[in-house]
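Asks: Give me a model of this one.
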Amino acid sequence: MVAWWSVVVVTALAGEPRVLVDADAVRVLVGAEVAVDEALADLEAHAWSDAARQLHALVEAGGGADLRVLEAIARYEEGDLRQAAEVVRAARAVAPDHPRLRVVEGLVLADQGRGREALGLLEEAARTDDAWSVGHALLTLGLVHADLGAIEAAREVWTQASRLPDVGARAAAQLDTLGRGASADLIAQVVDALRHGRAAQAEALVRTAPVSTRDRLHASIATAMIERTSGRAGTARSRLEQVVREAGAQGLLRERVAARLELADVLVAEGALREAAAVLDEAEAELAGTSFRLRRLDVLAARVRLSLRAEDARAATRALEALQASSDGLVHAQAAARALELEGLVARAAGDAGGALRTLGRARSAWSSLGYLTDAARVAVEEERTAACVDGLEPPRDAQRAALAAAGVPAARLSLVRGEACGLRGATAAALEAFARAVREAEAPGGAEVGAQAAERTRAVLRGLGHGAPAVAALDAEALQQAPALHARWEASRSAYTEGRAHFEARRYAEARGLLAQAARGFAELREEELAATARLAEGWAAYNEGVEAADEAALRLFALARDRGAEAGAADLELLARVAEARTLARAGRDGAAEALRQAATAAEAAGRADLAARCRADLEALR
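Replies: Residues are numbered from 1 along each chain as shown. Presented below is the predicted three-dimensional model:
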C-alpha cells in the first residue's frame, strides 16, 4: 500500500508553514499573537492534534478562511477525516472560492474514495495563480488518477508538478515509484524486508514513533504482517481487528481496507477460510461506489488466492474472470503482471500444467521488467512447483535462478520446492535428490534458513523410506547432501535381506546365510542398528538350519555362528537350539570336550523348560560312557 497522502501536504508544512497564512494579519484580526505562534509551531513540529485544537480556537475567535484551511489540514494529517470534512464544509460557507480550500477538500474526498468528485475541484485549483495550490493540486490529482488506475494520467500530472519548485521533489519521487515499484511507505518497506527474510529489519522499521493516528494505524498493520509471518497469527488478528475499528471511527477508508486485506491473509494462515471470505466481502462492500479501483482489484485478487488455498479450482476460475473483467481497459503494468501470475496459478489448479508454466514465465518476465524483483522470484519458485516431476515439462532454470539471485533469494529455494512438488507427485527418489541438493546449495551465504528446511525434509523422506529414526537423526549436513547415495546403499542392504529371506523360505540355507550376512554388514555401516540386528538374527537361523544338514566339521562352525547370533540378539530359543546341536555334533564326531558340552546343554535346556532337548543331551552323554 502506497502512502499517497504523505506527499500532498507534509512537505509544505514542515518546510515553510507561513506560506499558507499571513500570520501578522491573523494576529491583528483576532488579537491572539501567542496562539497563532503556538499553532504554527505545532504545525512545524507535526503535532497535528495540538495544532488542530489551537487553530479551531482561533477560528472560533473570528479567524478567516486561511485559518480554516490550516485547521482542515491539521485534522487531515491527524488522521481524522470526519473532522477534516466538517471543517472543510464550514470553511466553504465562508470562502467557497478559496483555491487552497479546494485542494484540501479534494484531498479529503480522495481519501474518502470520492476521487471523481475531487477531480473538478483539483483541476480548478491547478488553474489558479496561487503557487501552493497549483503544486499540491497536481500532486493530489496524481493520487486520484492512480486510485482510478489511470497510471499514465498520474504520470502526466506528476511530471508537470516535478517542474515546480515547492513540490518538485515529491512529484519526482512519485514518478520514480511508478517506474520502479518502490515506495518509502512503512508498510511497503516491511513487506519488502519480510520477502527477503529480514525479520529484524522489518521489526526495526515499525519501532519508529508514530506522529499521527494514521501513522499509528500503519505501524499496527505493518506489525501484524511481521506477527503473521513469524507464526503469531492470533496476535496479528487481534491487532488488525482493532485497526479496522479505529480506522472506521476516523473515516480512514484506505487504512480500513488495507487492514481487512491483511486480516484475510491472517485468517487464511489460520485455516479460517470462511471467515477470510467474509472479511473480503466486507472490504468489497466498503469499496463499492468509491474511486479506489485498484483496491477493488486487490480484493478480487485476494479472492483468487483464497480459492486456490481452498483447492477449489472452479471458484478460483470464477474469481479470476471477475478480476479480469474489472481490469478491462486498465493500463497498469503491475496489475497486469499480477493477473498473469494468478492466471498461471489457476491454470495449474485446473490441471493444465503446461499452460500454467507458460503463463507464469510471462508473469516472471513482467515483474522483472518492472523492477519488482521479489515478485519475479516468487513466480520463479511457482514455475518450479508447477513443472517439477511432470513428464515433458522443464522450467527455464537459468531464468529462474537469475530471478532469485536478483532478489537475494538463495538458489536452494528452487531445489527445496522441487523436492516438495516431486514428493506430492509420488516421485520419492526425485524428491530426495532435490532436497539433498538444497542442503548442499544452502551452504552459500544467506541459505541457512532454507538449509534447515531442506535438512528436515531430507530426513523426513529417509524416514518415510524405512530408514531408522536414530540413524537419520545422526546424519550431519555433509551426509544429508549424499542422501541419494546413502539410500542406494540402504536399498542394496534391504534387497540382500529380502533375497536372503526368500532363499531361507526355499531351504537354500547357504545362499540365505551369505545374503543375510551381507545385509547385516550394510545396515551396520549405515548405523541402522535395529535392521542390522534383525539381519544378523536371520543369518543365525540360516546358519543353524544349514548346519543341521552339513557334515560335522562345517556343522560345528555353523552352530557356533548361530549360537553367537542368538546370544547377540537375545534370542534364547536360537541360542539354545544351536548349543544343543553343537554339543551333540561334538559327541557324534568324538571330539574332546563333548561330555562337558552335553552336560551344559542339558542344564540350559532344563532351565528353559525344554525337557525334550535335555533328554537328548543326556542320552548322548550316556552313550559316551
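Asks: Helices of the stretch 151-300 of the chain, start to end?
Replies: 151-161, 168-180, 186-195, 199-205, 213-229, 233-250, 253-269, 273-287, 293-309 (DSSP state H, counting those that start in this stretch).
Asks: Serialize those to a markdown table and add fields for mean pLDDT.
Replies: Converted to a markdown table, the helices of the stretch 151-300 of the chain look like this (pLDDT from 0 to 100):
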| stretch | mean pLDDT |
| --- | --- |
| helix 151-161 | 89 |
| helix 168-180 | 73 |
| helix 186-195 | 68 |
| helix 199-205 | 75 |
| helix 213-229 | 86 |
| helix 233-250 | 93 |
| helix 253-269 | 92 |
| helix 273-287 | 95 |
| helix 293-309 | 92 |
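Asks: Now mean neighbour count too, for the ones you listed, in TSV please.
Replies: C-beta coordinates here come from the backbone N, C-alpha and C atoms, glycine included. Shown next, in TSV, are the helices of the stretch 151-300 of the chain (neighbours: other Cβ atoms under 10 Å):
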stretch	mean neighbour count
helix 151-161	19
helix 168-180	17
helix 186-195	20
helix 199-205	15
helix 213-229	22
helix 233-250	19
helix 253-269	24
helix 273-287	18
helix 293-309	21
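Asks: Distance to Asp573 for those helices - can I get that in a markdown table?
Replies: Below are the helices of the stretch 151-300 of the chain laid out as a markdown table (distance: least, Cβ to Cβ, whole Å):
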| stretch | distance to Asp573 |
| --- | --- |
| helix 151-161 | 84 |
| helix 168-180 | 78 |
| helix 186-195 | 63 |
| helix 199-205 | 60 |
| helix 213-229 | 59 |
| helix 233-250 | 57 |
| helix 253-269 | 56 |
| helix 273-287 | 58 |
| helix 293-309 | 57 |
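Asks: So which of those is nearest Arg397?
Replies: helix 186-195 (21.7 Å; Cβ to Cβ).
Asks: got a list of contacts for the helix or strand hosting Leu574?
Replies: According to DSSP states H and E, Leu574 maps onto helix 572-588. Helix 572-588 is contacted from outside by 537, 540-541, 543-544, 547-548, 552, 555-556, 559-560, 562-563, 565-567, 593-595, 597-598, 600-601, 604-605, 608, 610, 613, 616-617, 620-621, 623-624, using Cβ atoms under 8 Å, 6 or more residues apart in numbering.
Asks: again with stretch 238-256
Replies: In contact with stretch 238-256 (Cβ under 8 Å, 6+ apart) are residues 1, 5, 79-82, 85, 111-113, 213-214, 217-218, 220-221, 223-224, 227, 259-260, 262-263, 266, 286, 290, 292, 295.
Asks: Same question for stretch 301-317.
Replies: Stretch 301-317 has contacts (Cβ under 8 Å, 6+ apart) with 261, 264-265, 268, 273, 276-277, 280, 318-320, 322-323, 338-339, 342, 345-346, 349-351.
Asks: Quick one: the helices in the stretch 501-625 of the chain, in order.
Replies: 509-525, 529-549, 552-569, 572-588, 594-607, 611-624.
Asks: now the first one, how far from the centre of its chain.
Replies: Same thing as helix 509-525. Relative to the centre of its chain, helix 509-525 is centred 47 Å away, using Cα atoms, centre = their mean, to the nearest Å.
Asks: What residues of it count as buried?
Replies: By neighbour count on 16 or more other Cβ atoms under 10 Å, the buried set for helix 509-525 is 509-513, 515-520, 522-524.
Asks: nearest to Val472, of those?
Replies: For the buried residues of helix 509-525, with Val472 as the reference and Cβ to Cβ as the criterion, the closest is Phe523, at 13.3 Å.
Asks: roughly how far apart are the closest residue in space to the closest one that isn't next to it in sequence and Ala276?
Replies: Using Cβ to Cβ, 6 or more residues apart in numbering and skipping residues adjacent in sequence, the residue nearest Phe523 is Ala532, 3.8 Å away. Look at Ala532 and Ala276: by Cβ to Cβ, to the nearest Å, they are 51 Å apart.
Asks: do Val69 as well
Replies: For Val69, the distance to Ala276 - Cβ to Cβ - is 42 Å.
Asks: Please apply the same query to Gly566.
Replies: Taking Cβ to Cβ, one finds Gly566 at 62 Å from Ala276.
Asks: Give me the local confidence score for Ala587.
Replies: Note for Ala587: predicted pLDDT of 93.
Asks: How are the helices of the stretch 351-500 of the chain distributed by residue range?
Replies: Using DSSP H, counting those that start in this stretch, helices in the stretch 351-500 of the chain cover 353-370, 373-387, 397-407, 412-424, 428-441, 448-464, 469-473, 477-481, 483-505.
Asks: Export the buried residues of helix 509-525 as a markdown table, with columns for distance to Val390.
Replies: Formatted as a markdown table, the buried residues of helix 509-525 follow (distance: Cβ to Cβ, whole Å):
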| residue | distance to Val390 |
| --- | --- |
| Tyr509 | 48 |
| Ala510 | 48 |
| Glu511 | 43 |
| Ala512 | 42 |
| Arg513 | 45 |
| Leu515 | 38 |
| Leu516 | 41 |
| Ala517 | 43 |
| Gln518 | 38 |
| Ala519 | 36 |
| Ala520 | 40 |
| Gly522 | 34 |
| Phe523 | 35 |
| Ala524 | 39 |
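Asks: low pLDDT regions in the stretch 1-150 of the chain?
Replies: Low-confidence segments of the stretch 1-150 of the chain (pLDDT under 70): 1-35.
Asks: switch to 90 and redo it
Replies: 1-105, 107-115, 121, 125, 128-133, 135-137, 139-140, 142-150 (pLDDT under 90).
Asks: Would you map the helices across it?
Replies: So, for the stretch 1-150 of the chain - with DSSP H, counting those that start in this stretch - the helices run 10-15, 23-30, 33-44, 48-60, 65-78, 81-94, 99-111, 115-126, 131-147.
Asks: Which among those helices is found nearest to Gln201?
Replies: Among these, helix 10-15 sits nearest to Gln201 (Cβ to Cβ), with 24.3 Å.
Asks: before we move on, the earlier item: and Leu164, which of the helices of the stretch 351-500 of the chain is closest to it?
Replies: Going by Cβ to Cβ, the one of the helices of the stretch 351-500 of the chain nearest Leu164 is helix 353-370, 27.3 Å.
Asks: Centre of the chain to the closest one, how far?
Replies: Per Cα atoms, centre = their mean, the centroid offset for helix 353-370 relative to its chain is 20 Å.
Asks: for stretch 573-591, same thing?
Replies: Worked out by Cα atoms, centre = their mean, stretch 573-591 lies 67 Å from the chain centre.
Asks: Likewise for stretch 92-109?
Replies: 45 Å.
Asks: Can you tell me the centre-most residue of the protein?
Replies: The residue lying closest to the centre of the chain (Cα atoms, centre = their mean) is Thr229, at 6.8 Å.
Asks: Leaving out the residues flanking it, which one is nearest to Arg296?
Replies: Leu287 (4.8 Å).
Asks: hang on, isn't that neighbour packed against Leu297?
Replies: No: counting by Cβ atoms under 8 Å, Leu287 does not reach Leu297; the two are 9.8 Å apart.
Asks: if I look at Ala249, how far off is Arg216?
Replies: For Ala249, the distance to Arg216 - Cβ to Cβ - is 13 Å.
Asks: Next: Glu60.
Replies: Separation of Glu60 from Arg216 (Cβ to Cβ): 28 Å.
Asks: If you count neighbours, what's buried in stretch 550-564?
Replies: Buried, per 16+ other Cβ under 10 Å, within stretch 550-564: Ala550, Ala555, Leu556, Leu558, Phe559, Leu561, Ala562, Arg563.
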